[in-house]
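Novice: Take this sequence and fold it.
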Amino acid sequence: MLHQAGVGFVRRSQGAASAAQQCEVLLLDSLGELLDFYAAADVAFVGGSLVPVGGHNLLEPAALGIPILTGPDNSNSEEIARLLIASGAAEVVHDAAQLGARASALLANPEARVRIGAHARASVDSNRGALAKLLGLIEPLLNEP
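Specialist: Model (predicted):
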């Protein structure tokens, strides 16, 4: 689609760093590197959510304090999506036009990005410790006959 639209791009898996600096879009098609790119972002759109795919991990940008835009399909992590949306850390967009409008509005408003990013980080921080809580519930059961 990028090629058909005449947009200059480099695939992350194939491009050299110097080529990536001279293109309009860096297409991330590699695994295990998304967190680094979120860390450099001002706004994150978490894909797989505008179509019935289930959405990708909203916690990665949230933990970094990045404002999140997501589509309506977050069936892979419904509870996390509900938490982040309810806290003001994430916003649902329903199509490409709404995504573009909201991303542009956020990029033009640094104060909103800081506020929303703080909500994101606070949501993650307030829900840390699940493993310790779970182990605390399980341990007494292990000692029963």
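Novice: Neighbours of the closest residue in space to residue 37 that isn't next to it in sequence, how many?
Specialist: Distance criterion C-beta to C-beta, 6 or more residues apart in numbering; nearest residue to residue 37, sequence neighbours excluded, is residue 28 at 6.3 Å. Using the backbone N, CA and C atoms, a C-beta is placed for each residue, glycine as well. By other C-beta atoms under 10 Å, 14 other residues sit near residue 28.
Novice: In this structure residue 28 contacts residue 34, no?
Specialist: Yes: in this structure, residue 28 is within contact of residue 34 by C-beta atoms under 8 Å, at 6.6 Å.
Novice: for stretch 52-72, which positions count as buried?
Specialist: 55-71 (16 or more other C-beta atoms under 10 Å).
Novice: Helices - which of those residues land there?
Specialist: 59-63 (DSSP state H).
Novice: could I get those as TSV with pLDDT and distance to residue 81?
Specialist: Below are those laid out as TSV (pLDDT from 0 to 100; distance: C-beta to C-beta, whole Å):
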residue	pLDDT	distance to residue 81
59	95	10
60	94	13
61	97	12
62	97	10
63	96	15
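Novice: Out of these, flag the one nearest to residue 140.
Specialist: residue 59 (29.2 Å; C-beta to C-beta).
Novice: quick one, helices of the chain?
Specialist: 2-5, 17-21, 34-39, 59-63, 78-86, 96-107, 110-125, 130-142.
Novice: a markdown table for the ones you listed, including distance to residue 11?
Specialist: A markdown table is the format used below for the helices of the chain (distance: least, C-beta to C-beta, whole Å):
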| stretch | distance to residue 11 |
| --- | --- |
| helix 2-5 | 10 |
| helix 17-21 | 9 |
| helix 34-39 | 14 |
| helix 59-63 | 21 |
| helix 78-86 | 29 |
| helix 96-107 | 21 |
| helix 110-125 | 28 |
| helix 130-142 | 36 |
